[in-house]
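Asker: Structure for this input, please:
(one chain, ligands or ions: 1)
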Amino acid sequence: MAEPVQTPQSSQTAFKPRIFSGIQPSGGLTLGNYLGALKRFVEKQNEGIETVYCLVDMHAITVWQDPAKLRQQTREAAAGFIAAGIDPVRSILFNQSQVTAHAELAWIFNCVARMGWMSRMTQFKDKAGKNSENVSLGLFAYPALMAADILAYKATHVPVGEDQKQHLELCRDIAAKFNNDFGVAFFPMTEPLIEGAATRVMSLRDGTKKMSKSDPSDQSRINLTDDADTIAKKIRKAKTDPEPLPSDLEGLKDRPEARNLVNIYAALAGMTAEEVIRDHGGAPFGSFKPALADLAVSVMSPITTEMNRLMQDVAEIDRILGEGAARADAIARPIVDEVYDIVGMIRSRVI
Ligand code: TYM
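Answerer: Purely as a prediction, here's the structure:
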């Protein structure tokens, strides 16, 4: 994708394993965010690796956000993380704008990344559509800020859903070009972790479209804030074809809606899609959908309830985010200071 750059890939073992990932608080969290990202953030935390998780409010404002709603959604997302199992003591949990290293490193990366690389980003093309003259400059530069999020911590691994793969490739291109331009082995070649049965959860109304918080139809997604009744109703009404579930995975090939429901079931149950087909192959949707609805409610409802409880104490959420930001800053500040030095900026201010 990028111009050929040599990668002075000092052995990856030189970098301490560290996980970083982020979610935009630009709307409520969806089942896609939960299965593709958040659930896996919790698993990584529980594996005992150092984990840094960020609510990327500065990414959110690349498209218009109502200020009061942004604040509310950021707190709600933080509550969602904690309710889903993120322990703010074992993981670092914070909102991006409280750690200035992200914006600072993003500027340096704006000067490293090439226009051509950014123009090839499919997510920018999708989001800008025919309106590309009129979207914010921030939306175009978005992947450079994302690379800064990751590399301000020299993160070695980033759990994400499938849709972030190209951004992660760009992050490696930026790291490689920086290392190459300055003749250093400073940044790691970060690995994406795109794993499990639900790396791409699709819309409940159209199995060829990603489930997204920005879809105009609320019926297309399950929100972390939906109550048990709403979750069950949305699953019952999910678009499907008239055939029963096939007896092997091959039979799901041209049936995007059926495949999506099987994948959702698998991810919620901690099974593989093969195992779901083994148990439910041949079942009509009349029985598979209620089984899926029960499963979804049993997994999601406790999270929703806990999230609502946590939202009663907004001051506590803000305290957690502030404490997380201080811990994040302690890692990122020296890294970004070293970047300034590598680039040739004088750092003589007396503090
Ligand atoms: P965002 O906020 O759109 O989504 C957050 C995470 O959820 C995953 N995801 C999905 N996974 C499976 N199926 C879906 N339908 C689905 N929808 C969303 C995303 O892949 C992502 O992992 N650019 C990022 C946020 C970001 C970031 C970062 C991520 C900013 N800086 C640094 C990792 C590292 C984004 O817009 O994700």
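
Asker: Buried residues, stretch 44-55. List them.
Answerer: 44, 45, 50, 51, 52, 53, 54, 55 (16 or more other CB atoms under 10 Å). (C-beta placed from N, C-alpha, C; glycine too.)

Asker: ok, which residues in the protein are in contact with the ligand?
Answerer: 20-24, 32-33, 36-37, 56, 59, 146, 149-150, 158, 160-161, 163-164, 167, 198-201, 210-211 (CB under 6 Å from any ligand atom).

Asker: Identify the residue nearest the residue of the stretch 151-300 of the chain found nearest the ligand in space, chain neighbours excluded?
Answerer: In the stretch 151-300 of the chain, the residue that lies nearest the ligand is residue 161 (2.4 Å; CB to the nearest ligand atom). Counting by CB to CB, 6 or more residues apart in numbering, residue 36 is the residue found nearest to residue 161 once chain neighbours are left out, at 3.2 Å.

Asker: For that neighbour, give its distance to residue 236.
Answerer: Residue 36 sits 23 Å away from residue 236, going by CB to CB, to the nearest Å.

Asker: other SSEs contacting the helix or strand bottoming out on mean pLDDT in the chain?
Answerer: When each helix and strand of the chain is scored by mean pLDDT, DSSP states H and E, helix 122-128 comes last, with a mean of 91. Contact here means 3 or more CB pairs under 8 Å, 6 or more residues apart in numbering; DSSP states H and E; on that basis helix 122-128 packs against helix 137-151, helix 165-182.

Asker: tell me which element the residue nearest to residue 153 when sequence neighbours are not counted is part of?
Answerer: Spatially, and ignoring its direct neighbours in sequence, residue 153 is nearest to residue 20 (5.1 Å; CB to CB, 6+ apart). Element membership of residue 20 [criterion: DSSP states H and E] is strand 18-23.

Asker: which ones are touching residue 339?
Answerer: Residue 339 is in contact with 105, 108, 186, counting by CB atoms under 8 Å, 6 or more residues apart in numbering.

Asker: Kindly report the same for residue 115.
Answerer: Listed by CB under 8 Å, 6+ apart, the contact set of residue 115 is empty.

Asker: what's the distance between it and residue 181?
Answerer: In this view, residue 115 and residue 181 are 16 Å apart by CB to CB.

Asker: Looking at this structure, which residue is nearest the ligand?
Answerer: Closest contact between the chain and the ligand, by CB to the nearest ligand atom, is at residue 36 (2.0 Å).

Asker: and that residue, what does it touch?
Answerer: If you count contacts by CB under 8 Å, 6+ apart, then residue 36 has 160, 161, 162, 196, 198, 199, 200, 201 around it.

Asker: do the same with residue 307
Answerer: 76, 79, 80, 82, 83, 224, 225.

Asker: Which of the helices or strands spans the fifth one?
Answerer: For residue 83, the element it lies in under DSSP H and E is helix 67-84.

Asker: What strands line up against whatever helix or strand comes next after that helix, and which way round?
Answerer: Downstream of helix 67-84, the next assigned helix or strand under DSSP H and E is strand 91-95. Partner strands for strand 91-95, per DSSP bridges, with pairing direction: strand 50-55 (parallel).

Asker: and the strand it pairs with, how far from the chain's centre?
Answerer: 11 Å (CA atoms, centre = their mean, to the nearest Å).

Asker: could you check the angle strand 18-23 makes with that strand?
Answerer: On the basis of axes from the mean of the first three to the mean of the last three CA atoms, to 10 degrees, strand 50-55 is oriented at 20 degrees to strand 18-23.

Asker: Look at residue 113 and say how many residues are nearby.
Answerer: Counted with other CB atoms under 10 Å, the neighbours of residue 113 add up to 22.

Asker: Model confidence at it, what's the number?
Answerer: For residue 113, the pLDDT comes out at 98.

Asker: Quick check: phi and psi on it?
Answerer: phi -70, psi 150 (degrees, to the nearest 10).

Asker: wouldn't it be in contact with residue 167 here?
Answerer: No - at 11.5 Å, residue 113 and residue 167 do not qualify as touching, with contact defined as CB atoms under 8 Å.

Asker: what is in contact with those two at once?
Answerer: Residues touching both residue 113 and residue 167 (CB under 8 Å, 6+ apart) are 143, 147.

Asker: With just CA atoms, put the host helix or strand of residue 264 into PDB.
Answerer: Using DSSP H and E, residue 264 sits within helix 256-269. Written as PDB, here are the backbone C-alpha positions of helix 256-269 (Å, rounded to 0.1, in the frame of the first residue of the first chain):
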ATOM      1  CA  PRO A 256     -25.200 -13.700   5.000                       C
ATOM      2  CA  GLU A 257     -28.100 -13.200   7.500                       C
ATOM      3  CA  ALA A 258     -28.000 -16.800   8.600                       C
ATOM      4  CA  ARG A 259     -24.300 -16.700   8.900                       C
ATOM      5  CA  ASN A 260     -24.400 -13.600  10.900                       C
ATOM      6  CA  LEU A 261     -26.800 -15.000  13.500                       C
ATOM      7  CA  VAL A 262     -24.700 -18.200  13.800                       C
ATOM      8  CA  ASN A 263     -21.600 -16.100  14.300                       C
ATOM      9  CA  ILE A 264     -23.300 -14.000  16.900                       C
ATOM     10  CA  TYR A 265     -24.500 -17.100  18.700                       C
ATOM     11  CA  ALA A 266     -21.000 -18.600  18.600                       C
ATOM     12  CA  ALA A 267     -19.300 -15.400  20.000                       C
ATOM     13  CA  LEU A 268     -21.900 -15.000  22.700                       C
ATOM     14  CA  ALA A 269     -21.600 -18.700  23.800                       C
END
